[in-house]
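Participant: build me a structure from this.
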Amino acid sequence: MGLKIAVIGAGNIGSALLGGILKTGLATPHDVVATVATDEHRQELEKQWKIRVLGASHNREAAQGRDVVVLAVKPLKIPDVIEEIRDVLTENQIVISVAAAVPLSLIETLIGKRVPLFRAMPNIPVVVEEGATAVAGNRATTVEQRHLVEKMFGALGAVVFVEEWQLDAVTALSGSGPAYVYMVIEALIDGGKKMGLSHEVATRLTEQTVLGAAKLVRETKLHPAILRDKVITPGGTTIAAIHELEKHGLRAMLISAVETATARSKEIGAQIVERFSKNLPPAANPEPAPSQSSGASAKKNRKPKKPASPARKRSR
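Facilitator: Model (predicted):
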């Protein structure tokens with residue numbers, strides 16, 4: 001028997017997920033519902049997938065009674081959407097958020113109850129089923145639920161599970177990564193055109209070169225440096241070109257790009273938490289963990305200790 005699944009906010013990523021859900025047989029069209037912002041998009045999805053599609057004002061109706069609820073809205077809309085649906089969410093439902101930079105802790109606080117919660121970071125190639133998705137879950141998730149999420153995103157490409165703190169680096173690498181690759185593709189096409197190739201020929205050769213090179217890395221499992229050396233011949237064209245790339249710092253620029261994007265992802269996440277934490281109702285704030293309160297009372301009853309040595313202070 002298939003699952004009952006709701007995709008709240010079926011834009012590019014959400015629409016791709018609908019395809020993955022239906023193609024893997026996790027649910028039948030009859031048991032899938034989505035919400036969208038425009039009537040035009042609603043008609044497109046109904047025609048493409050034969051599912052029930054509602055307007056954005058019906059998020060609560062879409063989420064009620066579903067086994068899985070996917071939050072595919074923009075990050076800044078997450079609080080409003082959760083406010084709308086949280087009273088119909090139960091501990092038996094799996095909630096998956098694909099909203100970039102919104103931490104699990106904030107979503108848990110907004111929901112106000114313990115639910116199995118996953119945070120996923122897919123990239124745009126999921127729309128052609130060649131995406132890369134990293135997933136992190138909270139403590140309420142089970143191994144079986146992880147397998148279900150893996151199957152859902154696995155229909156759209158590669159899936160890895162990471163710790164939540166690593167998602168900033170994931171955002172910088174695979175989330176933003178297609179943009180870096182598109183710049184490389186564009187530059188190679190222009191290089192071919194500069195040397196006399198037509199735009200059509202340069203584009204076809206470049207896209208296949210990038211696709212084939214990536215496929216070799218994936219299928220051979222060899223380090224890219226080993227594969228690169230297989231292309232190089234002493235005194236040939238490739239080593240001359242690589243020398244030029246190294247002189248202009250291609251490797252360092254790409255490494256710095258990932259580093260910079262990671263830092264920016266952390267900044268955005270902190271801004272989102274700060275922005276919405278101020279507006280949380282008192283009842284929604286999580287209670288302090290028992291270990292914190294017991295630790296505080298223990299401090300009151302603890303006998304004074306001798307000051308730690310300078311070496312110990314530095315090691316803390």
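Participant: use CA for all of it now, contacts and neighbours both
Facilitator: OK.
Participant: low-confidence ranges in the protein?
Facilitator: Within the chain, the stretches with pLDDT under 70 are 1, 279-316.
Participant: now the helices for it?
Facilitator: Per DSSP state H, the chain carries helices over the ranges 12-23, 39-49, 59-63, 78-85, 104-111, 143-154, 167-170, 177-194, 199-220, 224-231, 237-247, 250-277, 290-301, 310-315.
Participant: what angle separates the first one from helix 39-49?
Facilitator: Right, the one you point to is helix 12-23. 20 degrees (axes from the mean of the first three to the mean of the last three C-alpha atoms, to 10 degrees).
Participant: buried ones in helix 12-23?
Facilitator: Across helix 12-23, burial judged by 16 or more other C-alpha atoms under 10 Å covers I13, G14, S15, A16, L17, L18, G19, G20, I21, L22.
Participant: thinking again about what came up before, okay if I get the helices of the chain as JSON lines plus distance to L71?
Facilitator: Formatted as JSON lines, those follow (distance: least, C-alpha to C-alpha, whole Å):
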{"stretch": "helix 12-23", "distance to L71": "8"}
{"stretch": "helix 39-49", "distance to L71": "17"}
{"stretch": "helix 59-63", "distance to L71": "10"}
{"stretch": "helix 78-85", "distance to L71": "8"}
{"stretch": "helix 104-111", "distance to L71": "11"}
{"stretch": "helix 143-154", "distance to L71": "13"}
{"stretch": "helix 167-170", "distance to L71": "17"}
{"stretch": "helix 177-194", "distance to L71": "23"}
{"stretch": "helix 199-220", "distance to L71": "30"}
{"stretch": "helix 224-231", "distance to L71": "36"}
{"stretch": "helix 237-247", "distance to L71": "42"}
{"stretch": "helix 250-277", "distance to L71": "16"}
{"stretch": "helix 290-301", "distance to L71": "31"}
{"stretch": "helix 310-315", "distance to L71": "43"}
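Participant: relative to V98, which of those helices is closest?
Facilitator: Closest of the helices of the chain to V98 is helix 12-23, at 8.3 Å (criterion: C-alpha to C-alpha).
Participant: check which helices and strands the closest one sits against.
Facilitator: Under the contact criterion of 3 or more C-alpha pairs under 8 Å, 6 or more residues apart in numbering; DSSP states H and E, helix 12-23 touches strand 5-8, helix 39-49, helix 143-154.
Participant: pick the most deeply packed of these.
Facilitator: The highest mean neighbour count among the helices and strands packed on helix 12-23, using mean count of other C-alpha atoms under 10 Å, belongs to strand 5-8: a mean of 28.
Participant: circling back to that earlier point, right, so of the helices of the chain, which gets closest to V33?
Facilitator: Across those (criterion: C-alpha to C-alpha), the nearest stretch is helix 59-63, sitting at 6.2 Å.
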